[in-house]
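Asker: got a sequence here, can you model it:
(one chain, ligands or ions: 1)
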Amino acid sequence: MTTGHYWPRPGVNQDTQFFWDGLKAGQLLIQRCTGCGTLRHPPGPVCIACHGFGWDTVAASGRGTLYSFVKMHHPPLPVFEQPNPIGLVELEEGTRIVGRLVDFHPDEIRIGAPVEAVIRECAEGLFLALFRPRRV
Ligand code: ZN
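Answerer: As a prediction, the model looks like this:
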């Protein structure tokens, strides 16, 4: 058994499969209600605005701003830099998403910072949307 290099894996179910498949294909897909057009993330079976069950997806640009963030110190995992910066990003399409912050100088991490998504294969078969500074 190998320890120390384990990437935590997301739970995948029939509501979220499209999201992970999209990342593998290089797209950041966001769920959209076909009844009223409301975007929702994380994905779910029912629209929070109109309670409709119908949905499709839109490919987000990946551009957004840092709405909030934390710098995780615990648990320390060898696969992550320490501290591990995690952002809550407000996408320009109008919904929010959580992702690791990469390529930031520690002093650059501030609320309101422009960011863009970069999709990387972080472990075998595990594609994630990470967020880096967007130079405008
Ligand atoms: Zn709706």
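Asker: right, and Leu130 touches Ile97 too?
Answerer: No - assessed by C-beta atoms under 8 Å, Leu130 is found out of contact with Ile97, at 11.1 Å. Bear in mind the C-beta positions are built from the backbone N, C-alpha and C, glycine included.
Asker: so between the two, which is more surrounded?
Answerer: Neighbours were counted for Leu130 and for Ile97 using other C-beta atoms under 10 Å; Ile97 has more, 22 against 17.
Asker: correct me, but that one touches Ala129?
Answerer: Yes - counting by C-beta under 8 Å, Ile97 touches Ala129, with 7.1 Å between them.
Asker: which neighbours do these two share?
Answerer: Residues touching both Ile97 and Ala129 (C-beta atoms under 8 Å, 6 or more residues apart in numbering) are Leu28.
Asker: can you tell me the SS state at Asp21?
Answerer: Using DSSP: H, G, I helix; E, B strand; the rest coil, the structure places Asp21 in helix.
Asker: residues near Arg100, how many?
Answerer: Residues contacting Arg100 under the criterion other C-beta under 10 Å number 18.
Asker: quick check: closest non-adjacent residue to it.
Answerer: Leu130 (4.9 Å; C-beta to C-beta, 6 or more residues apart in numbering).
Asker: what's in contact with the strand or helix carrying that neighbour?
Answerer: Leu130 belongs to strand 126-133 when assigned by DSSP states H and E. Strand 126-133 is contacted from outside by 7, 9-10, 20, 23-24, 28, 62, 64, 66, 87, 89, 97, 99-104, 108, 113-122, using C-beta under 8 Å, 6+ apart.
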